[in-house]
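Peer 1: need coordinates for the following:
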Amino acid sequence: MANPTPDIKTDIEQDVKKKPRLDVAEPSMYNVIYINDDVTTMEFVVDSLIEIFQYDHPRAAEITAVVHEQGSAVVATLPYEIAEQKGVEVTVMARDAGFPLQIKLEVAEDS
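Peer 2: Numbers count the residues shown, from 1 in each chain. Sure thing, here's the model as predicted:
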């Protein structure tokens, strides 16, 4: 009787040598900037800083005062993906409340 499956040698061996990359750079950091406007209330800005960025009330009020007095302020410095997500969350929260609050992202200078 003949062998139904011929002897097939599948002797494939690969000697793959992978070296870990040691030159991986830290992700760039981005500033999340609130831009002042004449419609968004200071109370809303404080609430958004507490809800989205987990500031306590006194610190959120300080940052809000800077936004109001100087026209804008960096509210956080984060890796890009997180900064972008927080910016979207604040924008959605503002629009849902009927406010035109603008958020801007900029590369942090020491990144």
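
Peer 1: pLDDT weak spots in the chain?
Peer 2: Low-confidence segments of the chain (pLDDT under 70): 1-17, 111.

Peer 1: residue boundaries of the strands in it?
Peer 2: Assigned strands in the chain, in chain order: 29-35, 72-79, 102-107 (criterion: DSSP state E).

Peer 1: residue contacts, residue 50?
Peer 2: 56-57, 60 (CB atoms under 8 Å, 6 or more residues apart in numbering). Any C-beta I mention is one placed from the backbone N, CA and C, and that applies to glycine too.

Peer 1: okay if I get the strands of the chain as CSV plus mean neighbour count and distance to residue 89?
Peer 2: Formatted as CSV, the strands of the chain follow (neighbours: other CB atoms under 10 Å; distance: least, CB to CB, whole Å):
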stretch, mean neighbour count, distance to residue 89
strand 29-35, 20, 10
strand 72-79, 18, 12
strand 102-107, 14, 9
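
Peer 1: in JSON lines: these, plus distance to residue 86.
Peer 2: Listed next are the strands of the chain as JSON lines, based on distance: least, CB to CB, whole Å:
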{"stretch": "strand 29-35", "distance to residue 86": "6"}
{"stretch": "strand 72-79", "distance to residue 86": "7"}
{"stretch": "strand 102-107", "distance to residue 86": "8"}
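
Peer 1: can you check which of these gets nearest to residue 96?
Peer 2: strand 102-107 (14.3 Å; CB to CB).

Peer 1: compute the inter-axis angle for the closest one and strand 72-79.
Peer 2: Interaxial angle, strand 102-107 versus strand 72-79 (axes from the mean of the first three to the mean of the last three CA atoms, to 10 degrees): 50 degrees.

Peer 1: how near is the residue nearest in space to the middle of the chain to residue 99?
Peer 2: Nearest to the geometric centre of the chain sits residue 82, at 1.5 Å (CA atoms, centre = their mean). Computed as CB to CB, to the nearest Å, the residue 82 to residue 99 distance reads 23 Å.

Peer 1: cool, and residue 45?
Peer 2: Taking CB to CB, one finds residue 45 at 9 Å from residue 99.

Peer 1: give the residue from these two that has the larger number of neighbours.
Peer 2: The neighbour comparison of residue 45 against residue 99 (other CB atoms under 10 Å) goes to residue 45, with 25 against 18.
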